[in-house]
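*Asks:* Got a predicted structure plus its sequence, pasted below:
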Amino acid sequence: METERKIYLTRKALGWSQEYLGSHLGISQRQYGRLESGECNITLKTLTVLCREWGITLNQLTGMSVEELSDLIRENRKGKPNTGSE
């Protein structure tokens, strides 16, 4: 599975909006949407920030299924506010 698709599916599984996640990556919702759709390339810097936000490693992002990722992210974020709902 392409990384962009995995990021999209994981974000949806978490119930987070593009606007919410984009703001945490320091980019607009529009720019974030372009990353997810593959219209523009995701930089290593953006992937690193995304992984930091989700509390995962780049290896986990690329090597785990969407279900495993969303479960791990939820576990890592226990006790932290989740205001990313759509």
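*Replies:* Looks like it came in fine.
*Asks:* Setting the sequence-adjacent residues aside, check what's closest to Ile7.
*Replies:* Take Ile7 and drop its neighbours on the chain: the residue closest to it by Cβ to Cβ, 6 or more residues apart in numbering is Glu36, 6.1 Å away. Yep, even glycine has a C-beta here, placed from its N, CA and C like the rest.
*Asks:* quick one: what helix or strand has that neighbour in it?
*Replies:* If you go by DSSP states H and E, Glu36 is part of helix 29-37.
*Asks:* I'd say the residue nearest to Ile7 and Lys6 touch.
*Replies:* No: contact criterion Cβ atoms under 8 Å: Glu36 and Lys6 do not qualify, at 10.0 Å.
*Asks:* separation between the residue nearest to Ile7 and Leu14?
*Replies:* 13 Å (Cβ to Cβ, to the nearest Å).
*Asks:* Could you do Ile56 as well?
*Replies:* 12 Å.
*Asks:* which residues are common contacts for those two?
*Replies:* Applying Cβ atoms under 8 Å, 6 or more residues apart in numbering, one finds that Ile56 and Leu14 are jointly contacted by Ile73.
*Asks:* Have a look at Glu36 and Lys6 and say which one is more surrounded.
*Replies:* Glu36 (19 against 16; other Cβ atoms under 10 Å).
*Asks:* Quick check, pLDDT for that one.
*Replies:* Glu36 carries a pLDDT score of 91 in this model.
*Asks:* Run through the helices of the protein in chain order.
*Replies:* 3-14, 18-25, 29-37, 44-54, 58-63, 66-76 (DSSP state H).
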